[in-house]
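> Show me how the following folds:
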Amino acid sequence: MPSAHNPPDKTKSSRPVDGDGNFAVDGDKWRQQRKLASYEFSTRVLRDFSCSVFRKNAAKLVGVVSKLSMSGQLIEFQDLFMKTALESIFKVGFGMDLNCLDGLSNEEATTFSKAFDDANEAVNLRFADPLWKLKRFINIGSEASLKKNIEIVEKFVHNVISTKKELLAVKSDPIEKEDILSRFLAESEKNPETMSSQYLRDIILNFLIAGKDTTANTLCWFFYILYKNPLIQEKIAQEVIDITCSKPNDANFDEFAAAITDATVDQMHYLHAA
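Prediction:
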């Protein structure tokens, strides 16, 4: 029988990446996850933590773009947005830094990032491949690669969960419970049989799926539209400069990011409309 230390093999599932996460279940499991997630995301601690993470990574992104621009290099915005979104949602979800944006991530984190992307792409390709079940059965082609990538994702995520459990066992400081995983782990103590490591893995990976491509692709499309409409681009830039009281060519990205708060964003009506 599978346990938290020996998770069940989900690589043969028709929804291997989602597992029993919120996207792939219904009934009691869906209601439990929805209720818990709604409560957690309404807490001030998680909202403040999320805003802090996104501000920090936005400043990091601007710094990378600035360097590439000054050097005259071609900027692959979609790749940068994907890395920024993954870095941000992983920090919010697991409380860990992947450092994939600035190239400082370790080999294990880099391998996980690629495996996670490739696994999701392989699952999406099933919609256009009528033979994917046969490939899965005989373990060839894209399905063989999918199985391998899921094993990498499983190992990495379970290691993160185990590490987080050990940290929470020896530390009681509330700041250690800002991320989603820590808060779900605290909840799992009330019901350890239901909320196993595998179940937690499924929940958190669903947050990664929900928070990465959606954010990155929206940003890509938004900036493309701005590029096609320079007048609107200038108006947005001016509004941001006016509200944050920053200088047009100020290179202090950290100070600029610190000025982006809930209050200042609420005043950016033209940006919101765009």
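> And stretch 231-251, what's buried?
Under the neighbour-count criterion of 16 or more other Cβ atoms under 10 Å, stretch 231-251 has Ile236, Glu239, Val240, Ile243, Thr244 buried. Where you see a C-beta, it was placed from the backbone N, CA and C, and this is true even at glycine.
> ok, now how distant is the last one from Asn57?
Counting by Cβ to Cβ, to the nearest Å, the gap between Thr244 and Asn57 amounts to 18 Å.
> any idea how far Glu234 is from Ala58?
Going from Ala58 to Glu234 by Cβ to Cβ gives 20 Å.
> Repeat that for Trp30.
Applying Cβ to Cβ to Trp30 and Glu234 gives a distance of 45 Å.
> got it, and Ser197?
For Ser197, the distance to Glu234 - Cβ to Cβ - is 51 Å.
> Over to Asn217?
24 Å.
> mind giving me the domain ranges of this protein?
With domains defined by automatic domain parsing, the chain comprises 27-104+160-216, 229-273.
> Is it possible to get the ones you listed out as CSV so that each row also shows mean pLDDT and distance to Phe223?
Output for the domains of the chain, formatted as CSV (pLDDT from 0 to 100; distance: least, Cβ to Cβ, whole Å):
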stretch, mean pLDDT, distance to Phe223
domain 27-104+160-216, 80, 6
domain 229-273, 86, 9
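> got the residue ranges for the strands in this structure?
Taking DSSP state E as the criterion, the chain contains no strands.
> where do the helices sit along it?
For the chain, the helices defined by DSSP state H cover 27-41, 44-70, 77-94, 107-125, 132-138, 141-170, 180-188, 197-211, 213-228, 230-244, 253-259, 262-266, 269-273.
> would CSV of those with distance to Cys100 be doable?
Formatted as CSV, these follow (distance: least, Cβ to Cβ, whole Å):
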stretch, distance to Cys100
helix 27-41, 24
helix 44-70, 10
helix 77-94, 5
helix 107-125, 5
helix 132-138, 29
helix 141-170, 13
helix 180-188, 18
helix 197-211, 13
helix 213-228, 12
helix 230-244, 26
helix 253-259, 18
helix 262-266, 25
helix 269-273, 27
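> Out of those helices, the one nearest Leu101 is which?
Of all the helices of the chain, helix 77-94 sits nearest to Leu101, with 4.7 Å by Cβ to Cβ.
> Which strands and helices lie in contact with that closest one?
Helix 77-94 sits against helix 44-70, helix 107-125, helix 180-188, helix 197-211, helix 213-228, with contacts defined as 3 or more Cβ pairs under 8 Å, 6 or more residues apart in numbering; DSSP states H and E.
> Show me how far the first one is from its chain's centre.
If I follow you right, that is helix 44-70. For helix 44-70, the distance from its own C-alpha centre to the chain's C-alpha centre is 13 Å (Cα atoms, centre = their mean, to the nearest Å).
> Then stretch 96-116?
12 Å.
> cool, and stretch 237-253?
Relative to its chain's centre, stretch 237-253 lies at 27 Å (Cα atoms, centre = their mean).
> Equivalent analysis for stretch 231-248, please.
28 Å.
> Equivalent analysis for stretch 219-233, please.
With Cα atoms, centre = their mean, you get 24 Å for stretch 219-233.
> contacting residues around it?
Stretch 219-233 has contacts (Cβ atoms under 8 Å, 6 or more residues apart in numbering) with Phe77, Gln78, Phe81, Ala85, Ile236, Ala274.
> What residues sit buried inside it?
Neighbour-count burial for stretch 219-233 flags Leu219, Cys220 (criterion: 16+ other Cβ under 10 Å).
> going forward can the numbers begin at 793, since that is how I track them
Sounds good: first residue 793 from here, last item stretch 1011-1025.
> could I have that stretch exported to CSV, CA atoms only?
Taking C-alpha atoms only, stretch 1011-1025 is exported to CSV below (Å, rounded to 0.1, in the frame of the first residue of the first chain):
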residue,chain,number,x,y,z
LEU,A,1011,2.4,39.2,-20.1
CYS,A,1012,3.8,38.2,-23.5
TRP,A,1013,0.6,39.1,-25.3
PHE,A,1014,0.2,42.3,-23.4
PHE,A,1015,3.7,43.5,-24.2
TYR,A,1016,3.2,42.5,-27.9
ILE,A,1017,0.1,44.7,-28.0
LEU,A,1018,2.0,47.6,-26.3
TYR,A,1019,4.7,47.3,-29.0
LYS,A,1020,2.1,47.6,-31.7
ASN,A,1021,0.6,50.7,-29.9
PRO,A,1022,3.5,53.0,-28.9
LEU,A,1023,1.2,55.9,-27.9
ILE,A,1024,-0.6,53.7,-25.3
GLN,A,1025,2.8,52.4,-24.2
